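Trainee: Below are the sequence and a predicted model; questions follow.
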Amino acid sequence: MRTRLEKDIIGHGEYFDDAARLHFGANSISLFLIMFISVVIAFNLDYLNGSYLKGLDTELSFFIGLFSVLFGISFYHYWRLGEKSVYYLSVSTTPYTPKDTIILFNYKGYAVGVGYQANVDILELPGLVRKLICVGILFNVALVTLDNSGFEKLRTLPSEFAPSTSDFCPEEDDSADSEIIPEGCELIIRAHKLGYAKDLGVCEPKKIDPEKMQVCQKRRSDEPYLHYMSRLLVNSVEEQQAFFDNNKLKTIKDKFRLQLSNLDTLRDYQTYAISAAPRASHHVWTDLPYPDHYIIQKYREYLDPNYCIERFQKKQTNTITLETGDERNNSKLLEHVYGQLLFNPKSKLTVGLCKEYKIHWNSEPDICERLASNPKSVLQQARVLPEVERVLHRHDTANALLSLEESIRDIENVNEKSEEKKQDAPDNVAGLASGETNLISKGQIDVKSKIAKGKQQIRKKNELVSFQCFMTANTMTANTPTQKSNVSNFKFRDTEFTVTTRYFPLLENNGESQISMYNQFSKVLEDRFHYSQLTSRSDVIIEGVSSEAADNEKFLQAPSYLFTRLDILRNVDIFLGNNWVLERDDLLVVYPYHVHLQNYVNKFREKYQERHGRL
């Protein structure tokens, strides 16, 4: 290698040629490639997701950390990765390639090859970095191979192999042959025997019906293995004989043929269940801007799919504070009202999952008119067409699956009716069906009625998928100069849909704008919802006080008994238009807003779930 002075004397051209003599150690390259592959695998399998890592058990997190450190360091020392590499990867200009290097390929005067190190300076990663890479590799391995359920199985594995008394029949107890003593009655029974109690009452021992007693089929504690094996063999032969005598083989064949002919339905059902496909798809278009910056919104949409759960179910507040002059105030207010009406977990009723709802911001004012005229094009442009079609197809699959179950039950009933004619056998006889099947054969459970009830519980397609528009009043078209809403109907995938465009005014006052947003947006989601004095919690009038707003306000201005007079606020519902409360900052501090808000949301959801929901 030349010194710095020699390089300066020779010239920059030679200096660059000399700088191209790079020799990388095989240990460092191997570690880097293994680490890269493990990270790619873990990332593609979604194990490096922040939500998944937060959901790991505390014990599993400790085990993964301990495993990665211990085995990572052991891996580092066992393969001697801290020593200088024996082989190297050379990247250099052709004239300066070491003699013993095996050239893999040449490219524009540069040669790439491998060689055995002798007197060649090899570039290696520092030892500490190599140790950390080994720990990271084992961390990814543990993260991919273990989850909460797998770790729980590992913890309980020793107990599963341990001998258990449950594998044997219980020891015979002469005292329990004829009666059963209720639990917790030992003291009363003893008092009765000693004469301190006249009767046992509810602790009277229950007589055992010998006909209902079951014979234990497990191994006896003193039973030889050969005898136990022969008894199992005889039971197995009896089971096979009962299986063919009852013509169950034909039933199985018929069921299999029926399932085979409906293979697509069964496959789609399993696919939807495993992939957690959406059970509904509800959309609202608005011309309001994004409530946050465009980049933040897109980040949440593509990289943080669980944001809506964090936002609406864990961080939802009763009210929202808006900054004066912010052009996104109405958008933030709409998002807040949207979360309160549909997803706030403080309400008793749950109407949907936030991932199945979406607000399309910055939409054109005539989007719903175009949706009614060409739904496929608009949905495709909004990138929700696959989701909508998947929900509709899942609805068809659910109906087809219920029909398949009904056909299977019809086939099984043929065999069950033939068994009814036979004499009832003890529960230990081989070939006896399950308890539910026995009840079905005896007529105590009507399977067809259960399936029919299941079909009735499946909502209509236009209840699982909905479209609405919520536009500002200044975007009203010439065709609707005085209307507050415009309703259109269209047909998509053999289903009739109704899309409503509602126009709402923009208010500057913070308090009035929030109440107005609730009243306006609730009409978009459910146009039949009407909040009145009958549904409000202010239907009780305080004696001697008028229900008029002016009289209530005068009543609160009286100088005496101020705290007592505040009780009237329970009877003043601002959702009914009592805007005078919103103008009093001193009253808003003590106003029971949460009481009326929760009542408003509950009444809305009761009406909303009648015509909207999920599969």
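Mentor: Nice, thanks for sending it over.

Trainee: hey, let's count contacts and neighbours off CA atoms from now on
Mentor: Noted.

Trainee: Touching, N578 and Q533? I think so.
Mentor: No: look at N578 against Q533 with Cα atoms under 8 Å: they stay out of range, at 12.0 Å.

Trainee: which of those two has more neighbours?
Mentor: Neighbour count, other Cα atoms under 10 Å: between N578 and Q533, N578 has more, with 16 against 12.

Trainee: Next one: the more buried one, what pLDDT does it get?
Mentor: Looking at N578, its pLDDT is 72.

Trainee: Also K108?
Mentor: Reported pLDDT for K108: 80.

Trainee: what distance separates stretch 228-248 from the centre of its chain?
Mentor: 44 Å (Cα atoms, centre = their mean, to the nearest Å).

Trainee: what's the helix or strand for L138?
Mentor: With secondary structure defined by DSSP states H and E, L138 is part of helix 127-145.

Trainee: after that helix, next one along is what?
Mentor: Taking DSSP H and E, what comes next after helix 127-145 is helix 148-161.

Trainee: Run the angle between that following helix and helix 127-145 for me.
Mentor: Relative orientation of helix 148-161 versus helix 127-145 (axes from the mean of the first three to the mean of the last three Cα atoms, to 10 degrees): 70 degrees.

Trainee: Could you pull out the buried residues of the helix holding L138?
Mentor: In terms of neighbour count (16 or more other Cα atoms under 10 Å), helix 127-145 has its buried residues at 130-131, 133-144.

Trainee: With stretch 101-118 instead?
Mentor: Buried residues in stretch 101-118 (16+ other Cα under 10 Å): T101, I102, I103, Y110, A111, V112, G113, V114, G115, Q117.

Trainee: Could you verify my assumption that the second one touches G115?
Mentor: Yes: with contact defined as Cα under 8 Å, I102 reaches G115; the gap is 5.9 Å.

Trainee: now the helices: where do they sit in the stretch 251-400 of the chain?
Mentor: For the stretch 251-400 of the chain, the helices defined by DSSP state H, counting those that start in this stretch occupy 263-275, 294-303, 307-309, 329-342, 367-373, 375-381, 385-420.

Trainee: what's the most buried one of those?
Mentor: By mean neighbour count, with neighbours taken as mean count of other Cα atoms under 10 Å, helix 329-342 ranks first of those at a mean of 21.

Trainee: Using the record's assignment, carve this structure into domains.
Mentor: Using automatic domain parsing, the domain parsing of the chain gives 4-157, 281-383+462-525.

Trainee: distance of F63 from A42?
Mentor: Distance, F63 to A42, by Cα to Cα, to the nearest Å: 18 Å.

Trainee: quick one: the lengthiest strand in the chain to helix 385-420, angle?
Mentor: For the chain, the longest strand by residue count, based on DSSP state E, is strand 495-504. Angle of strand 495-504 versus helix 385-420, following the same axes, to 10 degrees, is 140 degrees.

Trainee: Can you list the strands that strand 495-504 pairs with?
Mentor: strand 465-472 (parallel), strand 485-492 (antiparallel) (DSSP bridges).

Trainee: who touches the most centrally placed residue in the chain in this structure?
Mentor: Nearest residue to the geometric centre of the chain (Cα atoms, centre = their mean): A276, 7.3 Å. If you count contacts by Cα atoms under 8 Å, 6 or more residues apart in numbering, A276 has none.

Trainee: what does the model give it for pLDDT?
Mentor: 81.

Trainee: Distance check, it against E310.
Mentor: 19 Å.

Trainee: taking the mean pLDDT, what do you get for the helix or strand where G65 lies?
Mentor: Here G65 sits within helix 58-78, counting by DSSP H and E. Helix 58-78 shows a mean pLDDT of 92.

Trainee: okay, the angle between that helix and helix 148-161?
Mentor: Going by the same axes, to 10 degrees, helix 58-78 makes 90 degrees with helix 148-161.

Trainee: packing partners for helix 58-78?
Mentor: Using 3 or more Cα pairs under 8 Å, 6 or more residues apart in numbering; DSSP states H and E as the contact test, the elements touching helix 58-78 are helix 127-145.

Trainee: which phi and psi does C169 have?
Mentor: Main-chain torsions, C169, degrees, to the nearest 10: phi -70, psi 140.

Trainee: Please save the CA atoms from the helix holding L138 in PDB.
Mentor: What follows is helix 127-145, C-alpha atoms only, in PDB (Å, rounded to 0.1, in the frame of the first residue of the first chain):
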ATOM      1  CA  GLY A 127     -16.500  -6.900  16.800                       C
ATOM      2  CA  LEU A 128     -19.200  -5.100  18.800                       C
ATOM      3  CA  VAL A 129     -21.200  -4.500  15.700                       C
ATOM      4  CA  ARG A 130     -20.900  -8.200  14.700                       C
ATOM      5  CA  LYS A 131     -22.100  -9.200  18.100                       C
ATOM      6  CA  LEU A 132     -25.100  -6.900  17.800                       C
ATOM      7  CA  ILE A 133     -25.900  -8.300  14.400                       C
ATOM      8  CA  CYS A 134     -25.900 -11.800  15.800                       C
ATOM      9  CA  VAL A 135     -28.300 -10.800  18.600                       C
ATOM     10  CA  GLY A 136     -30.500  -9.100  16.000                       C
ATOM     11  CA  ILE A 137     -30.600 -12.200  13.800                       C
ATOM     12  CA  LEU A 138     -31.700 -14.400  16.800                       C
ATOM     13  CA  PHE A 139     -34.200 -11.800  17.800                       C
ATOM     14  CA  ASN A 140     -35.900 -12.000  14.400                       C
ATOM     15  CA  VAL A 141     -35.800 -15.800  14.500                       C
ATOM     16  CA  ALA A 142     -37.500 -15.800  17.900                       C
ATOM     17  CA  LEU A 143     -40.000 -13.200  16.900                       C
ATOM     18  CA  VAL A 144     -41.100 -15.100  13.800                       C
ATOM     19  CA  THR A 145     -41.200 -18.600  15.400                       C
END
